[in-house]
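In: everything below, folded, please.
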Amino acid sequence: MALLRNGLRQSAGRRAAYIASAVVTLLFAALQLIGLIALRGNEHAATLVILLAAVLALGWTFMPLFFPSGDETLDATRLVMLPLRPRPLVRALLASSLVGIGPLFTLCLAAGSVVAVAHGTAAALTGILAIALTLLVCVALARSVASANLRLLSSRKGRDLAVLSGLVIAVGIQVVNFGAQSLGRSGGLSRLDPAADIIRWIPPASALGAVDSVSQGSYATGLAQLALCIALLAALLTYWQRSLTRLMTSPDGSTLQAAEPTRTRARTHGLTRFLPEGRTGTVMERTLRYVWRDPKTKAAWVTSLAIGLIVPVFNALQGTGSVYFACFAAGMLGILMYNQFGQDSSAFWMVAQTISTTRDAYTELRARALALALITIPYAVLVTLVTTAIIGDWRPLPEALGLSFALLGSMLATGAWCSARFPYSIPQEGYKNVAPGQAGLAWISIFGGMLASALLCAPLLTLTIWLHASGNDHLLWLLLPGGALYGWAITHLGLHLSAPRAAARLPEILTAVSRG
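Out: Numbering: from 1, shown residues only. Here you go, the predicted structure:
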């Protein structure tokens with residue numbers, strides 16, 4: 001409670017964010033509670049609540065890995081200087097873990113699940129124990145996983161792991177959407193009964209399975225399911241206690257002398273040795289290193305790669321897609337060209353020092369575009385091939401690829417111009433991607449550039465529509481080389497128009513990108 005209270009005192013923004021998230025979570029929990037109560041008497045109620053409990057347990061298990069800074073009590077090393085014994089510390093941390101929005105949401109779901117499946121006095125009494133066990137097992141799962149991986153979560157690799165949260169959420173939403181539509185087309189919840197029959201023996205879902213078993217008169221089965229849940233809770237608490245003991249008594253790498261003498265390792269460049277010589281190759285390597293090492297840049301790339309694949313592929317799997325949806329991959333990655341100087345932050349002054357002529361600015365922008373195209377072009381081809389294979393119609397493949405190349409070229413051109421005209425700062429800390437006071441610049445840069453890119457693609461779109469309308473389907477394959485040539489030409493033109501503006505606005509760009 002003290003950590004929560006002191007954290008909310010830090011800023012009004014933090015209090016507002018916490019209150020807003022609490023209100024949204026409580027509303028969702030209330031709606032879910034009402035829905036579960038309404039399921040009482042439904043023949044598939046047990047199947048649904050058991051699967052919900054399993055999904056909830058997965059969330060409690062893996063969310064600390066993706067959001068390590070979401071709960072300050074996860075880091076037990078803050079208590080390392082206090083004279084605390086492991087067993088009382090586990091009890092105290094477990095009790096503190098029951099305070100917050102997450103435990104309240106879990107409590108509502110467990111209570112609603114018990115109401116949905118409990119019939120009779122014995123089942124109701126079992127349900128009270130099941131609610132407590134479900135909540136305790138979920139919390140113990142989160143704590144034991146976080147304690148076992150605390151060294152990782154507090155390192156740079158752990159912060160990079162949080163980048164995958166956007167990917168997990170995006171994929172999870174699409175999987176749930178796809179699964180719901182599939183169930184709606186093929187008989188509803190009855191298809192999930194075999195899976196529920198297995199999961200009802202896996203804690204903490206086994207606690208709710210015990211309530212259903214007791215409701216049906218299978219008291220021995222219910223007792224066995226409760227025993228499984230209690231055994232897992234005891235094992236988790238024991239493992240958590242040992243992890244805390246090891247964590248709080250073992251020195252970390254920062255307090256140890258290197259056991260081995262410093263050795264000079266040969267520098268391996270990997271794919272960078274195939275890059276061009278001179279400034280172009282250097283800038284491309286720097287840009288690719290940003291993609292691999294900078295958390296904000298990596299987050300943007302992972303999200304764009306995931307959504308660029310998910311949207312066309314999942315629509316194709318649902319039978320509502322088109323091969324033209326594959327252009328979404330080129331569009332999502334093309335957005336990354338906007339605000340190229342913002343990722344440099346205040347370090348842009350070193351780049352500015354090397355730009356003295358329009359030619360230098362052109363080479364800088366061209367190298368950044370080449371680095372982006374180095375990943376985007378193969379990826380766009382891959383997404384288009386996968387989407388086409390799922391749909392099963394290979395005839396529109398050349399025109400879809402041609403349109404993707406034209407769209408990518410248009411976005412590279414407008415992205416270079418927006419990078420020079422509307423630069424903005426990307427804060428290095430927190431989850432915000434725009435510095436305060438620069439949201440308008442970001443909106444103008446991204447959405448204005450996307451609209452301009454669509455207009456630049458109009459000639460190729462018009463040609464595609466005309467070929468289809470005039471019955472010249474045998475000429476559609478020309479759109480592949482035509483789209484590639486058009487994309488290259490429009491990118492070349494955009495870079496030439498953007499270079500003079502970038503060279504003339506170096507001080508303004510440095511000021512804009514250094515605010516974060």
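In: where does pLDDT dip in the chain?
Out: Applying pLDDT under 70 to the chain flags residues 1-15, 17-18, 64-83, 149-190, 247-272, 429-432, 516.
In: following the chain past the longest helix seen in the chain, name the next helix or strand.
Out: For the chain, the helix that runs over the most residues, judged by DSSP state H, is helix 358-391. Per DSSP states H and E, helix 358-391 leads on to helix 397-421 as the next helix or strand towards the C-terminus.
In: next structured bit after that next one?
Out: Sequence-wise, the next helix or strand downstream of helix 397-421 (DSSP H and E) is helix 439-443.
In: just the CA atoms of the helix or strand following that next one, as PDB, please.
Out: For helix 439-443, the succeeding helix or strand toward the C-terminus, using DSSP H and E, is helix 449-456. What follows is helix 449-456, C-alpha atoms only, in PDB (Å, rounded to 0.1, in the frame of the first residue of the first chain):
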ATOM      1  CA  GLY A 449       2.700  11.500 -45.300                       C
ATOM      2  CA  MET A 450       0.400   8.500 -45.600                       C
ATOM      3  CA  LEU A 451      -2.200  10.600 -47.500                       C
ATOM      4  CA  ALA A 452       0.500  11.900 -49.800                       C
ATOM      5  CA  SER A 453       1.800   8.400 -50.400                       C
ATOM      6  CA  ALA A 454      -1.700   7.200 -51.400                       C
ATOM      7  CA  LEU A 455      -2.000  10.100 -53.900                       C
ATOM      8  CA  LEU A 456       1.500   9.300 -55.300                       C
END
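In: helices or strands next to the helix or strand just after helix 449-456 in the packing?
Out: Using DSSP H and E, the helix or strand that follows helix 449-456 in sequence is helix 458-469. Using 3 or more CB pairs under 8 Å, 6 or more residues apart in numbering; DSSP states H and E as the contact test, the elements touching helix 458-469 are helix 397-421, helix 479-504. (C-beta placed from N, C-alpha, C; glycine too.)
In: which secondary structure elements does the shortest one contact?
Out: Translated: helix 397-421. helix 327-334, helix 358-391, helix 449-456, helix 458-469, helix 479-504.
In: to residue 398, which of those helices lies closest?
Out: Closest approach to residue 398 among the helices and strands packed on helix 397-421 (CB to CB): helix 479-504, 4.0 Å.
In: centre of the chain versus stretch 274-292, how much separation?
Out: A distance of 26 Å separates the centroid of the chain from that of stretch 274-292, by CA atoms, centre = their mean, to the nearest Å.
In: picking up where we left off before, list the buried residues of the longest helix of the chain.
Out: 360-374, 376-377, 379-381, 383-388, 390-391 (16 or more other CB atoms under 10 Å).
In: from residue 347, how far off is the closest residue to residue 354 other than its chain neighbours?
Out: The shortest distance from residue 354 to any non-neighbouring residue, by CB to CB, 6 or more residues apart in numbering, is to residue 360 (6.6 Å). Separation of residue 360 from residue 347 (CB to CB, to the nearest Å) stands at 17 Å.
In: now do residue 203
Out: From residue 203 across to residue 347, the span is 50 Å (CB to CB).
In: could you dump the helices and strands packed on helix 397-421 into JSON lines with distance to residue 236 added?
Out: Listed next are the helices and strands packed on helix 397-421 as JSON lines, based on distance: least, CB to CB, whole Å:
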{"stretch": "helix 327-334", "distance to residue 236": "40"}
{"stretch": "helix 358-391", "distance to residue 236": "40"}
{"stretch": "helix 449-456", "distance to residue 236": "48"}
{"stretch": "helix 458-469", "distance to residue 236": "57"}
{"stretch": "helix 479-504", "distance to residue 236": "55"}
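In: and for the residue lying closest to residue 422 once chain neighbours are set aside, the neighbour number?
Out: Closest residue to residue 422 apart from its sequence neighbours, by CB to CB, 6+ apart: residue 445 at 4.0 Å. Residue 445 has 25 neighbours, counted by other CB atoms under 10 Å.
In: now for residue 445: which residues touch it?
Out: Residue 445 is in contact with 338, 339, 418, 419, 421, 422, 424, counting by CB atoms under 8 Å, 6 or more residues apart in numbering.
In: mind listing the helices for the stretch 1-150 of the chain?
Out: Listed in chain order, the helices of the stretch 1-150 of the chain (DSSP state H, counting those that start in this stretch) span 2-8, 12-38, 45-66, 86-97, 101-117, 121-148, 150-153.
In: buried sites along the second one?
Out: If I follow you right, that is helix 12-38. Neighbour counts over helix 12-38 (16+ other CB under 10 Å) mark 25, 29, 32, 33, 36 as buried.
In: tell me the angle of it relative to helix 45-66?
Out: Put simply, helix 12-38 runs at 160 degrees to helix 45-66, going by axes from the mean of the first three to the mean of the last three CA atoms, to 10 degrees.
In: what angle separates helix 12-38 from helix 101-117?
Out: 10 degrees.
In: helix 12-38 - contacts with which helices or strands?
Out: helix 2-8, helix 101-117.
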